[in-house]
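In: Sequence plus the predicted model coming up.
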Amino acid sequence: MCTTWPHAQQPSQGFLSHSFRTPVPSPHRANNHILVPSMPEQSDVFFRDMMALATSPECLGKQLLEGGEVMILDYRPNSSYTRSHVEGAWNLSVPGLLLRRLKRGKVAFKSLIHGDEGKEVFARKSRSVPVVLYDEGSTDVNANSDSPFVLLLKKLQEEGCRASYLKGGFNRFKEQYPTLCVNQQDDNSDSDSGCINDLGFDKLKIDTCRETDSETPLDNRYPVEILPHLFLGSKQDSENLELLHKLGIKCILNVTPNIPNCFESNGLKYMQIPIPDHWSQNLAKFFPEAIEFIDEARRVNEGILVHCLAGVSRSVTVTVAYLMQKLCMTLNDAYDFVKKRKNNISPNFNFMGQLLEFEQQLRDSPCRGGDCSCAKEGRRLCMSPDPVLQSLIPQTALSSSSSTSTSSASSWEQTPETSSRRMEFNFTVDS
């Protein structure tokens, strides 16, 4: 039978189904301690594998009903958390890039918790009250698993938390205790913003919201010309045939799953990348085809519009990738180059992580080292830069760009250089 835990400093046996014995030094920090569960002798191997203890829905429900203190962490997509979650639970934001950093010990666990308030509560309570982690429907946990869920449990234990997982996950708990679950339909919080500052992306204006938040249509009258014949714009621009004709745009790269290709019958050529603006999406896998599509249009001096919903996240990510490859730019410089011409860009956090990895791929590619054999072997999607395009752009524009700009339909010409922000953020790629 589950007993209450009215005083966090005096844990009962019932909550985690085990008693706690004397703290032992943590292998990760000197003079730091973690509480180690005292378990039956036959379970020693079980514990050495860092198997987290299970908390039943009945036990957690009793704890909440009696007002006992417990820190509850929700490891589900933000959209699921928004719809419904256990009362008092804090959502975890764990994009792949951050998960790799966590695995290597480069960030603290609190960095995963959504919002500043959640981080503060975790820092204050996580070592004095029990911590319960849940996902959608875990019924058992394999200690040898490499799953993110098990990694999170291990990290909680390593940081000295009395961590357990909720048996049956959220689904089972809600079945048994629907009144202890909060339903929210209008939560506009994003999925990853809590991670940005902890990873050093705070120097760049990037966003991590879902499509309904980060890509609200903006009042931009014109698309922005990033390079000769290469325009960056929004849904609104893609629907203005008169404007497209005026700018000489004959090709459109549509980086959305649901905006229609309006003018195929008018002779415009389209490529569509069906990606929503969400941290879980892999936009990078479309980079080679997207870059080739842009290049095909520019080679014959046809204008091309790259657009998403608002022209601030997905389309920006593809445009930055194009500059990185064709102009041999770093991510920092390509980002600044675009921002200088369109000051409201805001790629979501995970897309920035994909650009980091793309930068590493370009750096390691034989196409960059003079050993390119793509033409000889008939490979169409080559990662080589474009020397002709490079010759058209002033060298100062390729090495540094200002962080402030105004948007216009013909702003690609280089303006006086201001101090570079390159040294303000030092990106590294996790392999």
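Out: Done, it's in. Numbering: from 1, shown residues only.

In: going forward, measure contacts between C-alpha atoms and count neighbours the same way
Out: Will do.

In: Could you list the low-confidence segments of this protein?
Out: Scanning the chain with the threshold set as pLDDT under 70 gives 1-52, 95-98, 139-140, 142-145, 184-221, 369-381, 384-385, 387-388, 390-431.

In: Got the domain ranges for it?
Out: According to automatic domain parsing, the chain comprises the domains 19-202, 204-417.

In: ok, which stretches of the stretch 151-300 of the chain are strands?
Out: Along the stretch 151-300 of the chain, the segments classed as strands by DSSP state E, counting those that start in this stretch run 163-166, 181-183, 224-227, 230-233, 249-254, 269-272.

In: neighbours of N282, just the number please.
Out: 13 (other CA atoms under 10 Å).

In: try T179
Out: Every residue meeting other CA under 10 Å relative to T179 is counted, giving 12.

In: Also D364?
Out: A count of neighbours around D364, defined by other CA under 10 Å, yields 11.

In: Ok, K285 next?
Out: K285: 11 neighbours (other CA under 10 Å).

In: Please apply the same query to the one 4 residues further on.
Out: Here the number of neighbours of E289 (other CA under 10 Å) works out to 14.

In: and the gap between it and S365?
Out: E289 is 17 Å from S365, where distance means CA to CA, to the nearest Å.

In: Equivalent analysis for W90, please.
Out: 42 Å.

In: ditto for F231
Out: 27 Å.

In: more crowded one of those two?
Out: Higher neighbour count among F231 and S365: F231, with 23 against 16, using other CA under 10 Å.

In: List the residues that contact the more buried one.
Out: Residues in contact with F231, defined by CA atoms under 8 Å, 6 or more residues apart in numbering, are 223-225, 303-306.

In: Would you list the buried entries among those?
Out: 223-225, 303-306 (16 or more other CA atoms under 10 Å).

In: could I get the residues you listed as TSV with distance to V70?
Out: Shown next, in TSV, are the buried ones among the contacts of F231 (distance: CA to CA, whole Å):
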residue	distance to V70
P223	51
V224	51
E225	54
G303	58
I304	55
L305	52
V306	48
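
In: With respect to H85, which of those residues is nearest?
Out: Closest approach to H85 among these (CA to CA): V306, at 38.0 Å.

In: is that closest one in a bridge, and if so with what?
Out: L232, L253 (DSSP bridges).

In: Now do the same contact list for the closest residue in space to A284 that isn't next to it in sequence.
Out: Nearest non-adjacent residue to A284, counting by CA to CA, 6 or more residues apart in numbering: Q354, 6.0 Å away. Contacts for Q354 (CA under 8 Å, 6+ apart) come out as 282-284.

In: Is Q354 in a helix, a strand, or coil?
Out: Assigned with DSSP: H, G, I helix; E, B strand; the rest coil, Q354 falls in the helix class.

In: And M71, how close does it get to E302?
Out: For M71 relative to E302 (CA to CA), the value is 58 Å.

In: Check for me that H85 belongs to a strand.
Out: Yes: per three-state DSSP, H85 lies within a strand segment.

In: can you tell me how far it sits from K106?
Out: Taking CA to CA, one finds H85 at 29 Å from K106.

In: For these two, indicate the residue with more neighbours.
Out: Counted by other CA under 10 Å, H85 and K106 do not tie: H85 has more neighbours, with 24 against 13.

In: looking at it, the more buried one is touching P178, isn't it?
Out: No: checked against CA atoms under 8 Å, the pair H85 and P178 is beyond contact range at 9.8 Å.

In: count of neighbours near P260?
Out: Using other CA under 10 Å, P260 has 13 other residues around it.

In: Backbone torsions only: list them for it.
Out: Per-residue torsions, P260: phi -70, psi 150 (degrees, to the nearest 10).

In: how far away is it from R314?
Out: From P260 to R314 the distance is 16 Å (CA to CA).

In: And for L152?
Out: Distance from L152 to R314, by CA to CA: 29 Å.

In: Can you pick out the residue with more neighbours from the two?
Out: Higher neighbour count among L152 and R314: R314, with 30 against 21, using other CA under 10 Å.

In: Show the contacting residues for that one.
Out: When contacts are counted by CA under 8 Å, 6+ apart, R314 touches 255, 277, 283, 307-308, 347-348, 351.

In: gap between it and S84?
Out: Applying CA to CA to R314 and S84 gives a distance of 28 Å.

In: Where do the helices of the stretch 1-150 of the chain begin and end?
Out: Secondary structure of the stretch 1-150 of the chain (DSSP state H, counting those that start in this stretch): helices at 44-48, 57-65, 78-83, 96-103, 116-125, 148-158.

In: Who are the packing partners of the second one?
Out: For helix 57-65, the packing partners by 3 or more CA pairs under 8 Å, 6 or more residues apart in numbering; DSSP states H and E come out as helix 169-176.

In: Just the angle for the helix it packs on relative to helix 57-65, thanks.
Out: 70 degrees (axes from the mean of the first three to the mean of the last three CA atoms, to 10 degrees).

In: which residues sit against helix 169-176?
Out: Contacts for helix 169-176 (CA under 8 Å, 6+ apart): 57, 85-86, 134-139, 180-181.

In: at 6 Å what do you get?
Out: Residues outside helix 169-176 that contact it (CA atoms under 6 Å, 6 or more residues apart in numbering): 57, 134-138.
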